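Colleague: Predicted model follows, preceded by the sequence.
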Amino acid sequence: MTTLPIVAGVDGSESALDAVRWAAREAMTHGTSLRLVHACDVPFGYPGGYVGHRQLRDALAEQGRESLAQAEKVAGEAVPGLRVDAVTHMGGAVPTLVEESATAAQLVLGTRGLGGFTGLLVGSTAVELASRSHCPLVVVRGMVSTTTGPVVVGVDGTPASEAAIEHAFAAASAYGTGLVAVHTWSDLLVETAFAGGAAALDFSPLAQTAAAELGERLAGRREEYPDVEVTRHVERERSSVALLRHAENARLVVVGTRGRGGFRGLLLGSTSQHLLYHAPCPVAVVRTRDVGP
């Protein structure tokens with residue numbers, strides 16, 4: 001049980017309110033509090049004119065207080081009696097949330113936003129936040145009311161996925177649900193070279209190696225989390241395709257920020273884009289500390 005709060009970014013959008021509802025239930029599940037954060041700042045290069053900087057800052061701050069009040073109401077309706085505190089920061093969204101993440105169990109956001117969080121999950125801003133956050137980043141999307149599905153975790157067969165695996169096991173244990181561990185492999189170079197004849201090739205050695213890598217990464221977790229039933233899937237296809245398929249009935253899908261093999265460049269390439277924009281459930285991105293080349 002964590003004593004650190006769940007932090008949710010608030011900006012007045014419906015997407016952010018969905019994230020607040022999810023974060024409130026998450027705080028209840030882990031027996032902790034919910035912290036609502038709103039960031040507002042005068043846009044860089046604002047010329048002034050009819051409205052001065054002070055007036056604009058005051059207006060933005062008031063807008064933030066209104067957004068936080070609405071979010072507090074939503075959180076209270078989702079989980080009556082939950083401990084909730086709310087704060088407004090004058091500053092950019094990314095540095096504000098990075099600072100908040102240093103004392104948070106999880107950082108929770110919606111898929112699109114307004115005000116200080118506009119475009120938060122588009123392009124380099126999302127990558128920057130995920131690479132700098134001190135705690136897992138959860139992007140709430142899809143059917144957030146789903147509470148019966150398993151937790152799905154992407155495992156790339158290297159030490160880089162350890163943080164994601166740990167988070168996934170802990171989440172499955174807290175939810176009282178199962179864990180689906182997905183490892184993909186695909187020798188695209190060989191398959192492309194042999195074109196139509198690829199089906200006749202013997203890929204069993206690669207499949208066996210992939211299965212061994214998955215088992216190695218999961219070893220020891222069963223002893224630590226005996227209550228979590230684990231289902232393993234080793235599949236010959238692209239990681240984004242496999243994860244999205246297994247996420248269809250999932251409560252949460254978990255990935256790391258670094259990876260090799262089937263998950264190379266996970267947060268910078270097509271896999272992350274597919275998950276952030278197409279996953280039918282919340283996505284947890286767990287930053288991996290430097291673990292070597």
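Modeller: That came in fine, so what should we check first?
Colleague: which sections of the stretch 101-250 of the chain are below the confidence cut-off?
Modeller: Where the stretch 101-250 of the chain drops to pLDDT under 70, the residues are 112-128, 142-147, 157-160, 186-203.
Colleague: Mind jotting down where the strands sit in it?
Modeller: Here the stretch 101-250 of the chain has its strands, by DSSP state E, counting those that start in this stretch, at 106-109, 137-139, 151-154, 179-184, 230-235.
Colleague: For V283, which of these is the nearest?
Modeller: Among the strands of the stretch 101-250 of the chain, strand 137-139 comes nearest to V283, with 4.8 Å by Cβ to Cβ. To be clear about C-beta, it is placed using only N, CA and C from the backbone, and glycine gets the same treatment.
Colleague: which outside residues touch that closest one?
Modeller: 19, 22-23, 26, 101, 106-111, 121, 129-130, 252, 276, 282-287 (Cβ atoms under 8 Å, 6 or more residues apart in numbering).
Colleague: make it 10 Å
Modeller: Outside strand 137-139, the residues within contact range by Cβ atoms under 10 Å, 6 or more residues apart in numbering are 6, 8, 15, 19, 22-23, 26, 97, 101, 104, 106-111, 120-121, 126, 129-131, 167, 171, 252, 254, 257, 267, 275-277, 279, 282-287.
Colleague: hmm, back to that, just the strands of the stretch 101-250 of the chain: most buried one?
Modeller: strand 151-154 (a mean of 29; mean count of other Cβ atoms under 10 Å).
Colleague: Centre of the chain to that strand, how far?
Modeller: 11 Å (Cα atoms, centre = their mean, to the nearest Å).
Colleague: again, but for stretch 27-35
Modeller: Worked out by Cα atoms, centre = their mean, stretch 27-35 lies 17 Å from the chain centre.
Colleague: For that stretch, buried residues please.
Modeller: 27-30, 32-35 (16 or more other Cβ atoms under 10 Å).
Colleague: gap between the two ends of it?
Modeller: 10 Å (Cα to Cα, to the nearest Å).
Colleague: hang on, the earlier thing: can I get the buried residues of stretch 27-35 in TSV with pLDDT?
Modeller: Shown next, in TSV, are those (pLDDT from 0 to 100):
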residue	pLDDT
A27	97
M28	96
T29	94
H30	94
T32	97
S33	97
L34	98
R35	98
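Colleague: which residues of this protein fall in helices?
Modeller: Using DSSP state H, the helices of the chain run over residues 14-30, 53-78, 93-101, 124-132, 162-175, 188-194, 204-218, 221-224, 239-246, 270-278.
Colleague: Mind putting those into a markdown table with distance to R141?
Modeller: Output for those, formatted as a markdown table (distance: least, Cβ to Cβ, whole Å):
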| stretch | distance to R141 |
| --- | --- |
| helix 14-30 | 8 |
| helix 53-78 | 17 |
| helix 93-101 | 18 |
| helix 124-132 | 13 |
| helix 162-175 | 16 |
| helix 188-194 | 29 |
| helix 204-218 | 26 |
| helix 221-224 | 27 |
| helix 239-246 | 12 |
| helix 270-278 | 8 |
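Colleague: of all those helices, which lies closest to V140?
Modeller: helix 14-30 (4.1 Å).
Colleague: Show me what the closest one is packed up against.
Modeller: strand 6-9, strand 34-40, helix 53-78, strand 84-90, strand 106-109, strand 137-139, helix 162-175 (3 or more Cβ pairs under 10 Å, 6 or more residues apart in numbering; DSSP states H and E).
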